[in-house]
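Trainee: how would this look folded up:
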Amino acid sequence: MNEKKFHVGIKALVQNDKNEILVLKINPKELTNNKHGVYWDLPGGRIKEGDSVEQTLQKELEEEIGYIGHIKNVNLFHGSIASIEIPVGEEKFGLVLFVYSCKIKMGKIKLSEEHTDYKWASLKDAKKLLAVKFSKDFIERLDSL
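Mentor: Numbers count the residues shown, from 1 in each chain. Sure thing, here's the model as predicted:
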């Protein structure tokens, strides 16, 4: 029996005072064998062995948007299997995404080379932008914000 292998991604659902969601445009040059073209994502990344959710969020927010500060009110918002797969060598891995709502004191955003743009998206726009990577269940769960 062939069982699918998965990586675990930890994502930050960050909202501003206008209830807009921070979304990041993926740099397709940074992705190996990218079949999805340019798509939008939430800040975050794969959890490393020995790291906690909070440590992963802290590292990824610093790396991807230049955020250095304390993350507050970290709460599980949703968990699901991503709509995309990740190539690793000759294999393809599924991606289990755990999205955590959190509060940060956002200053100037400084993107890493992993992303080419960012925006604060309305709920309606965020649902459209994130639909390439995130499951239908997650997109529907955004309505609870």
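
Trainee: contacts only, for the residue positioned nearest the centre of the chain.
Mentor: What sits nearest the mean C-alpha location of the chain, by C-alpha atoms, centre = their mean, is residue 42, with 3.1 Å. Residues near residue 42 by C-beta atoms under 8 Å, 6 or more residues apart in numbering: 11, 12, 13, 14, 21, 22, 23, 24, 99, 130. The way it works is simple: take the backbone N, C-alpha and C, and place the C-beta from them, glycine included.

Trainee: residue boundaries of the strands in this structure?
Mentor: Secondary structure of the chain (DSSP state E): strands located at 6-14, 21-26, 40-41, 44-46, 72-81, 86-88, 91-103, 115-121.

Trainee: ranking those strands by burial, who's on top?
Mentor: Mean neighbour count, computed with mean count of other C-beta atoms under 10 Å, is highest for strand 40-41 among the strands of the chain, reaching a mean of 23.

Trainee: which helices and strands does that one pack with?
Mentor: Strand 40-41 sits against strand 21-26, helix 123-130, with contacts defined as 3 or more C-beta pairs under 8 Å, 6 or more residues apart in numbering; DSSP states H and E.

Trainee: so which of the ones you listed is nearest residue 75?
Mentor: Checking the helices and strands packed on strand 40-41 against residue 75 by C-beta to C-beta gives strand 21-26 as the closest, at 15.3 Å.

Trainee: that closest one packs against which elements?
Mentor: Strand 21-26 sits against strand 6-14, strand 40-41, helix 53-65, strand 115-121, helix 123-130, with contacts defined as 3+ C-beta pairs under 8 Å, 6+ apart.
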